[in-house]
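**Student:** Next one to model:
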Amino acid sequence: MAAFLPARRSKWWIAVFAVFAAVVFGFFLFVRTVMQGQPVNMQFIVANTVLSLILAFVACIFGYFNAHLVFIFTAAGVIAGMVLMLITISKNTGWEDLIGFILFLEFSVFGFVAGILLQVIHFIYTVTRGRRKSREEKGKEKDNNT
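**Tutor:** Model (predicted):
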């Protein structure tokens, strides 16, 4: 489906997983240190490492099993959430850090749900198209035999 993604059940998905998790963790680290000016402590590292690994695992496991639409839309949702989080946090008048994080999570979930829905629609379309083709071929065989 997507030529730029690794093949189904490829070992390259491990590299995609590592890069995805590192980018998300790096983003959280950037927001914490540069945007908010707060020190990094062990609780932050553990919590954001777990969150980054979960997001990367959910996206990449679907890609690994050839549900590329789920991976693409989850990644797009994460990127959109990052952008909105940066825009929201830059205003820094009080609640924006919490609102930015909630926006990030919302768009990550929206991307995942959109990917699931589109993958199901694609699957149904592929299955019904295959049945339609086989019926047409059977009809042509009957016409040729008579």
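
**Student:** buried sites along stretch 52-67?
**Tutor:** For stretch 52-67, the buried set under the neighbour-count rule, 16 or more other Cβ atoms under 10 Å, comprises 52-53, 55-56, 59-60, 62-64, 66-67. In this view, the C-beta of every residue, glycine as well, is placed from N, C-alpha and C.

**Student:** Spatially, which two of the residues you listed are the most separated?
**Tutor:** Greatest spatial distance among the buried residues of stretch 52-67 (Cβ to Cβ): Ser52 and Asn66, at 23.7 Å.

**Student:** rewinding a little: ok, of the buried residues of stretch 52-67, which one's closest to Phe112?
**Tutor:** Proximity of the buried residues of stretch 52-67 to Phe112 (Cβ to Cβ) peaks at Ala59, which lies at 7.7 Å.

**Student:** Assign the residue lying closest to Arg32 once chain neighbours are set aside to helix, strand or coil.
**Tutor:** Once flanking residues are discounted, Arg32 sits nearest to Gln38: 5.5 Å by Cβ to Cβ, 6 or more residues apart in numbering. In three-state terms, and counting by DSSP: H, G, I helix; E, B strand; the rest coil, Gln38 is coil.

**Student:** distance of Gln38 from Ile121?
**Tutor:** Between Gln38 and Ile121 the computed distance is 43 Å (Cβ to Cβ, to the nearest Å).

**Student:** who touches Ser52 in this structure?
**Tutor:** 21-22, 24-25, 28 (Cβ atoms under 8 Å, 6 or more residues apart in numbering).

**Student:** again, only using 6 Å
**Tutor:** Applying Cβ atoms under 6 Å, 6 or more residues apart in numbering, we find Ser52 in contact with 21, 24-25.

**Student:** What about these, which one has the most neighbours?
**Tutor:** With neighbours defined as other Cβ atoms under 10 Å, the most crowded of those is Val24; it has 25 neighbours.

**Student:** And the helix or strand containing that one, what's buried?
**Tutor:** Secondary structure assigned from DSSP states H and E places Val24 in helix 12-30. Using 16+ other Cβ under 10 Å as the test for burial, helix 12-30 gives 13, 16-17, 20-21, 23-25, 27-28.
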